[in-house]
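Undergrad: build me a model from this:
(chains A, B, C and D)
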2 protein chains.
Amino acid sequence: MAVSEIMSESPKVPKPTIERLAIYSRPLEDLLEAGSPVVSSERLAILCGVNPAQVRKDLAYFGEFGIRGLGYEVKELLKAIRAILATDRRWSLCILGMGNLGRALVENENFKRRGYIFVAAFDADNRKVGERLACGLTIEPVAGIKDIVSKLHVDIGVITTSQKGAQRAADLLIDAGVRSVLNFTPAQVRISSSCFLENEDIGLKLENLAYHLTRIRGARATK
Amino acid sequence: MAVSEIMSESPKVPKPTIERLAIYSRPLEDLLEAGSPVVSSERLAILCGVNPAQVRKDLAYFGEFGIRGLGYEVKELLKAIRAILATDRRWSLCILGMGNLGRALVENENFKRRGYIFVAAFDADNRKVGERLACGLTIEPVAGIKDIVSKLHVDIGVITTSQKGAQRAADLLIDAGVRSVLNFTPAQVRISSSCFLENEDIGLKLENLAYHLTRIRGARATK
DNA sequence: GCCTGTGAATCCATTCACAGCT
DNA sequence: AGCTGTGAATGGATTCACAGGC
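TA: I've put the predicted structure just below:
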């Protein structure tokens, strides 16, 4: 079962693999709730729309979680994946830019359920500062970001400013000491190399669809 | 320049390529605004965090847009990319599930600016039906979806329901006749094979960050 | 000289196919 | 018999490196 291996230096895990692990956990939660004790790589693959060998290989990067001839114990596998993805602990987030998207994210139930907790919300617009959000947070001025980030041990900074404000937001976050940044704007943000950056441009997939719609040829959907 | 080629059957364009085209267009808009007449593949690559050869190859799938010894004319290139991605026309969207995320999306300026227009908003919760949104739309009951989709020629259906409601939303959309679906829930949705499906799980990148944060090794950020 | 367009080479990820365990 | 774990084979995408045009 080798939970010990989970945290060891993995040889070289492909990035798509770790993205899929998060995907696997979704149907596993359903299966757990439904009371299924075990699941085969084939069944899990179907539920996630991937190849069975892919499932097995992905998991094999982190240890041997399956039972030959049987499959994977749902509960154990889910626990293992959570340990790998570190979703079994609490992560503190802060967010810059309290427009519509920012407000939607701090209220998001999926984030909370997985342990991603917003502990502070900032906005550069003084008219928004002081406003009380539904989640209980109060919008803070960006001037206070450094204090708050270190005091509350913020792990991840989220950017939901305007496109133009994105770089400044990133600079503020890095200066305040966050170790990683999730950028929801379409802006390309430059960041200190000691910090992790992930971009989530919610418009990209839309452009993909538009592209495919213009050249319909009975072709199939994407993953 | 071969704009004629743009719509012709492309030999086999890699999916990552078309995703990057959308990324290229962002800095190109900035360059156009800033008045830069031309841009080299190297400069554009830096602005987008990719390899220069990648930029050239991506563009070469669709024609010859560059001038050797010089680079690409910003204005022309942007026009070409917009034609390829079909961002130079108007797309009609409808949306199911008017929670916080749904409300954020219908107000989203980036969508509007690129021609993605929400023409109808639905919710299964009758308490929300009839509510007037800031963008001018009124929340409709799902019962009316078929009529509205065909009357307004909706191209793309967006799902922002709860995870549990996602499959039903997809079924409603397909039945109503939309040709493509963008699913923002973490649920894996099954769909008729004649329809395009794209998933945008806004929590996935967060789990990526968490994973990397647990094994810091001075490593660099991801694209 | 400079920068594009592109075959060739490399790198990476997915899938196959089967050995090995239960 | 059934299903995992994994080397080998395949398939794609990225990068290199240079020929070709400005």
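
Undergrad: domain ranges for chain A?
TA: Listed by automatic domain parsing, the domain ranges of chain A are A:3-85, A:91-204.

Undergrad: want to throw those into CSV with mean pLDDT and mean neighbour count?
TA: (Glycine included, C-beta is placed from N, CA and C.) Conversion of the domains of chain A to CSV gives the following (pLDDT from 0 to 100; neighbours: other C-beta atoms under 10 Å in any protein chain shown):
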stretch, mean pLDDT, mean neighbour count
domain A:3-85, 91, 16
domain A:91-204, 96, 19
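
Undergrad: can stretch A:23-37 be found next to DNA strand D?
TA: No - judged by C-beta under 7 Å from any atom of the strand, stretch A:23-37 stays clear of DNA strand D, getting no closer than 12.1 Å.

Undergrad: and that stretch, is it in reach of chain B?
TA: Yes - looking at stretch A:23-37 against chain B by C-beta under 8 Å from any C-beta of the partner chain, the contacts come from A:Ile23, A:Arg26, A:Pro27.

Undergrad: so what touches the longest strand along chain A?
TA: The longest strand of chain A (DSSP state E) is strand A:116-123. Where contact means C-beta atoms under 8 Å, 6 or more residues apart in numbering or on different chains, the residues beyond strand A:116-123 that reach it are A:90-98, A:102, A:105-106, A:111, A:129, A:133, A:135, A:137-142, A:144-145, A:148-149, A:152, A:154, A:156, A:158, B:203, B:206, B:210.

Undergrad: returning to that earlier point: nearest to chain B among the residues of stretch A:23-37 next to chain B?
TA: The closest of those to chain B turns out to be A:Arg26 (C-beta to the nearest C-beta; 5.3 Å).

Undergrad: so that closest one sits right up against B:Val189, yeah?
TA: No - in this structure, A:Arg26 is not within contact of B:Val189 by C-beta atoms under 8 Å, at 11.4 Å.

Undergrad: export the residues of stretch A:23-37 next to chain B as JSON lines, with columns for secondary structure.
TA: Output for these, formatted as JSON lines (DSSP: H, G, I helix; E, B strand; the rest coil):
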{"residue": "A:Ile23", "secondary structure": "helix"}
{"residue": "A:Arg26", "secondary structure": "helix"}
{"residue": "A:Pro27", "secondary structure": "helix"}
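
Undergrad: of all those residues, which comes closest to DNA strand D?
TA: A:Pro27 (13.7 Å; C-beta to the nearest atom of the strand).

Undergrad: name the SS class of the residue nearest to the closest one when sequence neighbours are not counted, please.
TA: Computed as C-beta to C-beta, 6 or more residues apart in numbering or on different chains, the closest residue to A:Pro27 that is not its neighbour in sequence is A:Leu47, at 4.0 Å. The local conformation at A:Leu47, judged by three-state DSSP, is helix.

Undergrad: how far away is A:Leu47 from B:Arg190?
TA: 10 Å (C-beta to C-beta, to the nearest Å).

Undergrad: about what we covered before: what about the contacts of strand A:116-123, which are in helices?
TA: Those of the contacts of strand A:116-123 mapping onto helices are A:Gly102, A:Leu105, A:Val106, A:Phe111, A:Ile145, A:Ile148, A:Val149, B:Leu206, B:Ala210, per DSSP state H.

Undergrad: could you list which of these also contact DNA strand D?
TA: Among these, no residue lies close to DNA strand D (C-beta under 7 Å from any atom of the strand).

Undergrad: what residues does chain A have near DNA strand C?
TA: Counting by C-beta under 7 Å from any atom of the strand, the residues of chain A near DNA strand C are A:12, A:14-17, A:50-51, A:53-54, A:56-57, A:67-70.

Undergrad: quickly find the element holding the spatially closest residue to A:Leu78 that is not a sequence neighbour.
TA: Leaving aside its sequence neighbours, A:Leu78 sits nearest to A:Leu28 (C-beta to C-beta, 6+ apart; 4.5 Å). According to DSSP states H and E, A:Leu28 maps onto helix A:15-34.

Undergrad: residues contacting that helix, please?
TA: By C-beta under 8 Å, 6+ apart, helix A:15-34 touches A:39, A:44, A:47-48, A:50, A:54-55, A:57-58, A:61, A:74-75, A:77-78, A:81-82, A:84-85, A:87, B:186-188, B:201, B:203-204, B:207-208, B:211, B:222.

Undergrad: if we use 6 Å, what do you get?
TA: Contact with helix A:15-34 is made by A:Val39, A:Leu47, A:Cys48, A:Asp58, A:Val74, A:Leu78, A:Ile81, A:Leu85, B:Pro186, B:Leu204, B:Glu207, B:Tyr211, as judged by C-beta atoms under 6 Å, 6 or more residues apart in numbering or on different chains.

Undergrad: return the member of the residues you listed nearest to DNA strand C.
TA: Distances from DNA strand C to the contacts of helix A:15-34, taken by C-beta to the nearest atom of the strand, are shortest for A:Asp58, at 7.5 Å.

Undergrad: helix or strand: which one has the closest one?
TA: In this structure, A:Asp58 sits in helix A:52-60 according to DSSP H and E.

Undergrad: follow-up on the earlier one: format the ones in helices among the contacts of strand A:116-123 as a markdown table; extra columns: distance to A:Ala169.
TA: Shown next, in a markdown table, are the ones in helices among the contacts of strand A:116-123 (distance: C-beta to C-beta, whole Å):
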| residue | distance to A:Ala169 |
| --- | --- |
| A:Gly102 | 11 |
| A:Leu105 | 14 |
| A:Val106 | 15 |
| A:Phe111 | 19 |
| A:Ile145 | 10 |
| A:Ile148 | 14 |
| A:Val149 | 13 |
| B:Leu206 | 17 |
| B:Ala210 | 20 |
